[in-house]
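**Q** dropping the sequence and predicted coords here.
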Amino acid sequence: MGLTVNTSYTFREDGTGSMSAMLLSGLEFTYEVEGNELTIHSVLGISSATVYELSFEGDTMTMTSGGESLTLTKVK
């Protein structure tokens with residue numbers, strides 16, 4: 001039996017963003033992109049950094065870290 005969770009990320013041009021998943025809504029973070037790496041800082045007010053390798057195909061962006069991948073589709 002599997003579990004499907006809808007996750008939504010918003011990346012703003014000023015380097016801020018928010019994430020929503022299940023019962024968590026509007027979790028604010030900061031981020032930076034350098035080459036094909038995305039670093040997300042300060043989720044839940046905790047000073048931390050997670051680095052993701054990015055890949056793009058059409059309107060999808062895949063974020064990979066620690067062997068786990070999350071594919072996001074751009075909403076127009």
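**A** Perfect, I can see it now.
**Q** any buried residues in the longest strand anywhere in the chain, and which?
**A** Scanning the chain for the strand with the most residues, using DSSP state E, yields strand 24-34. Under the neighbour-count criterion of 16 or more other CB atoms under 10 Å, strand 24-34 has 29, 31 buried. Glycine gets a C-beta too; all of them are placed from N, C-alpha and C.
**Q** leaving out the residues flanking it, which one is nearest to the spatially most central residue of the chain?
**A** Central residue check for the chain by CA atoms, centre = their mean: the C-alpha nearest the mean position is that of residue 9, 5.5 Å away. Beyond its immediate neighbours in the sequence, the residue positioned closest to residue 9 (CB to CB, 6 or more residues apart in numbering) is residue 19, lying 5.2 Å away.
**Q** now residue 17
**A** Of all residues beyond its chain neighbours, the one nearest residue 17 is residue 11 (4.6 Å), with distances taken as CB to CB, 6+ apart.
**Q** against residue 75, how distant is that neighbour?
**A** As judged by CB to CB, to the nearest Å, residue 11 and residue 75 stand 12 Å apart.
**Q** more crowded one of these two?
**A** More crowded of residue 11 and residue 75, by other CB atoms under 10 Å: residue 11, with 18 against 7.
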